[in-house]
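Peer 1: 3D model of this:
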Amino acid sequence: MKSDFSSFNEKLFSSKEISGIGSVGTLRLLRGSVARVLNFIARALSYTSVRSYGCFLLSFGIVSLLLQLGEYYFKSTPDVPLLSIIFCLAISLLSIPLLLISGPACIVLQDFRLTDRILFDFMAVRRMHRNAEQRSISPLLAVFFGFIPAGVSYFVPVEQVFAVIAVGAIVSIAVTSPEFSMMLTILLLPYLPLFPKPEILICSLTVITIFSYALKVIVGKRVFSIDTYSIIVFILIAAILTGAALNRGASGGDMLVSVILLFGYFPISNVIINRRLADTAVNAVILSAIPIAIISIIEFIVEHPSTSFTAPDYSTPGVSAFFSSSAALAAFILVAAIMTLAFAIENRNGAVGFFYFSVFVLEIAVLGLTMHLGTWIAAIIAALSYTVVRSRRIPLDFLLVLVIIPHLAYFLPTDIADRVYGYLNIQSGFSDMISECNEALGIFGDNIWFGVGCGEINSISNNFCGIGAELGVIFLSLFVLAMIIRFRHLSYYRLYSRNSLVTVSSDMSAVAIVALLACGAFDFIFADVTVLYLFILVFAVSTAALRTARHENDDRLGYYGDSSSSDSSALDISVNR
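Peer 2: Numbers count the residues shown, from 1 in each chain. So this is what the prediction gives:
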């Protein structure tokens, strides 16, 4: 018989999957006349020929150009709309190669290897059937449709009109594919500060992902898993909302961002159902980090021309690229480096392995340029975590110890800590870090239950202190509980993960969680919306990988037959990758 502890673990880590939960009225609405019309339009646009899209762009570009020139010559506008004219010419030139292709757009994109890899393999857009009888838009009708945005460009800059069309096309795809919107969010993650309202953008992308995923669950095309983590996330959201209500709407904007991002955990953890999607999500982080790493090196060369790469000066601020601080950049690059190293080890031979190894070297170089000691300590903790994860003898509960280790720095004697900081020539001293934590702890003591509200504290040098001061002891306790359950979960299903197709994603997401928690020992990195989403992402990927590993194990047991030990059954069956 199984022990009571084993039975408790199975109940704790079990999940209930639901799908097709829409009522008769909801399903009737989703399949009603309006939905059928929208579906007809979407399919017609998908099967419209590339030549028709070329005619649309040519009409849009030429008519817009004529309107811009006409306004300048006949209305005697003082300034030449040079940017709009260049944009009109670019749109017209873009249409020329499209006019030479006659096939349906969806089929042409599938047949062209590059777009097929990007859209359908990487972004997980659903492939379309080769339906010759499908309704589409003719080239002549596309020309007339091009007059509409051209007319609008008379009142609005043509580049803005084109941007609205492009965004509309992306949103229409994202609404039908939660995987696409998830991957797009990950790819844009480090570039959010380039946009006017980065918080609004990431929340919009997350809401679209949630909406698309919810529609799929309602009609029975996706599954929603209710488990311990789902319940904890719901309680965390309730704690934030309760705190906001008690604080009379203080920091309402930051509160709303946090709630939306927490809701974003559900689609990520549920749409990843196999190795391909797990690896794709991880690779999206790696790919998005490459340009950021290059930009960071250029920033270092421009701002520190006399500083050596091999002997960085920690008394000067490090590079931050587009992030709010060098600590946030370092945390993002560290997670990307962990993922890159995992794939470099898995693909150690050939060009793919060389690519991952080169990217890893680039990311490690950028970590040094951030001039952030805490991240290097977190990198050492991550290396130890990887050793624990790959070991067969060390229990994964030891990961909790590794999370605690960097926090022990706060208990060092002040003179020793200041001597270390002085030796490393770090800009901010140990005493500054301690004073910030003491201030946060004082705020935490005065507002112990629900904190002072999201984003209400400007300077905190510790994640746990920041969470406690802003969100209170209930949120902090649930957050710590979720981390403890996660590491216990990893330990309990270790054999399943080791023999699963998602081994790399499962192991490296666990290491990334430890690394981010270690980074938070010296900075409140969750105050940066990019790092907060990144943590939710790696935690959700870890959840999805564990769930997928268990499903694979259950399928094996169902095929080969049960035995006295499910763990031994999982070990006896080899899996070819």
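Peer 1: for the stretch 101-250 of the chain, just list every one of the strands.
Peer 2: Per DSSP state E, counting those that start in this stretch, the stretch 101-250 of the chain carries strands over the ranges 224-226.
Peer 1: please, where are all the helices along it?
Peer 2: Taking DSSP state H, counting those that start in this stretch as the criterion, the stretch 101-250 of the chain carries its helices at 105-111, 113-115, 139-152, 158-176, 178-188, 198-219, 228-246.
Peer 1: how close does Gln110 sit to Met128?
Peer 2: Noted for Gln110: a distance of 7 Å to Met128, by Cβ to Cβ, to the nearest Å. Bear in mind the C-beta positions are built from the backbone N, C-alpha and C, glycine included.
Peer 1: whoops, Phe162 was the one
Peer 2: Distance from Phe162 to Met128, by Cβ to Cβ: 25 Å.
Peer 1: between the helices of the stretch 101-250 of the chain, which gets nearest to Asp279?
Peer 2: helix 178-188 (11.7 Å; Cβ to Cβ).
Peer 1: which parts of that closest one are buried?
Peer 2: By 16 or more other Cβ atoms under 10 Å, the buried positions in helix 178-188 come out as 178-186, 188.
Peer 1: just to revisit the earlier point, more neighbours, Phe162 and Met128?
Peer 2: Using other Cβ atoms under 10 Å, the more surrounded residue of Phe162 and Met128 is Phe162, with 20 against 17.
Peer 1: do you know the pLDDT at that one?
Peer 2: pLDDT for Phe162: 91.
Peer 1: that one contacts Phe87, doesn't it?
Peer 2: Yes: Phe162 is within contact range of Phe87, at 6.9 Å (criterion: Cβ atoms under 8 Å).
Peer 1: what sits against the residue nearest to the spatial centre of the chain?
Peer 2: Nearest to the geometric centre of the chain sits Ile186, at 3.6 Å (Cα atoms, centre = their mean). Residues near Ile186 by Cβ atoms under 8 Å, 6 or more residues apart in numbering: 281, 284-285, 288, 537.
Peer 1: which single helix of this protein contains the most residues?
Peer 2: helix 529-560 (DSSP state H).
Peer 1: how about that one: buried residues?
Peer 2: The neighbour-count check on helix 529-560 (16+ other Cβ under 10 Å) flags 529-553, 556 as buried.
Peer 1: over to stretch 192-206?
Peer 2: Buried, per 16+ other Cβ under 10 Å, within stretch 192-206: 192-193, 198-199, 201-206.
Peer 1: same check on stretch 394-413?
Peer 2: 396, 398-400, 402-403, 406-407, 409-410.
Peer 1: ditto for stretch 331-346
Peer 2: Those would be 331-345, for stretch 331-346 by 16+ other Cβ under 10 Å.
Peer 1: extract the CA atoms of it and return them as PDB.
Peer 2: What follows is stretch 331-346, C-alpha atoms only, in PDB (Å, rounded to 0.1, in the frame of the first residue of the first chain):
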ATOM      1  CA  ALA A 331      18.000  38.900 -14.800                       C
ATOM      2  CA  PHE A 332      16.600  38.600 -18.300                       C
ATOM      3  CA  ILE A 333      20.000  37.700 -19.900                       C
ATOM      4  CA  LEU A 334      20.800  35.200 -17.100                       C
ATOM      5  CA  VAL A 335      17.500  33.300 -17.800                       C
ATOM      6  CA  ALA A 336      18.300  33.400 -21.600                       C
ATOM      7  CA  ALA A 337      21.800  32.100 -20.900                       C
ATOM      8  CA  ILE A 338      20.500  29.200 -18.800                       C
ATOM      9  CA  MET A 339      18.100  28.200 -21.600                       C
ATOM     10  CA  THR A 340      20.900  28.600 -24.200                       C
ATOM     11  CA  LEU A 341      23.300  26.500 -22.300                       C
ATOM     12  CA  ALA A 342      20.700  23.700 -22.000                       C
ATOM     13  CA  PHE A 343      20.200  23.600 -25.700                       C
ATOM     14  CA  ALA A 344      23.900  23.900 -26.400                       C
ATOM     15  CA  ILE A 345      24.500  20.800 -24.300                       C
ATOM     16  CA  GLU A 346      21.600  18.900 -25.900                       C
END
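Peer 1: state the mean pLDDT of it.
Peer 2: Per-residue scores along stretch 331-346 average to 93.
Peer 1: could you find the closest non-adjacent residue to Asp528?
Peer 2: Ala328 (4.0 Å; Cβ to Cβ, 6 or more residues apart in numbering).
Peer 1: ok, that neighbour - contacts?
Peer 2: Taking Cβ under 8 Å, 6+ apart, one finds 320, 523, 525, 528, 530-531 in contact with Ala328.
Peer 1: report pLDDT for it.
Peer 2: 90.
Peer 1: repeat that for Tyr213.
Peer 2: Model confidence at Tyr213 (pLDDT) stands at 93.
Peer 1: hang on, the earlier thing: ok, the contacts of Ile186 vs Ala379, which is closest?
Peer 2: Nearest member of the contacts of Ile186 to Ala379, counting by Cβ to Cβ, is Val285, at 16.4 Å.
Peer 1: could you name the helices and strands sitting against the helix or strand where the closest one lies?
Peer 2: Val285 belongs to helix 275-303 when elements are defined using DSSP states H and E. In terms of contacts (3 or more Cβ pairs under 8 Å, 6 or more residues apart in numbering; DSSP states H and E), helix 275-303 is packed against helix 178-188, helix 326-346, helix 350-369, helix 503-519, helix 529-560.
Peer 1: burial count for the closest residue to Val538 other than its chain neighbours?
Peer 2: Nearest non-adjacent residue to Val538, counting by Cβ to Cβ, 6+ apart: Ala512, 4.3 Å away. Ala512 sits with 29 neighbouring residues when counted by other Cβ under 10 Å.
Peer 1: Ala512: what's it in contact with?
Peer 2: 335, 338-339, 382, 538.
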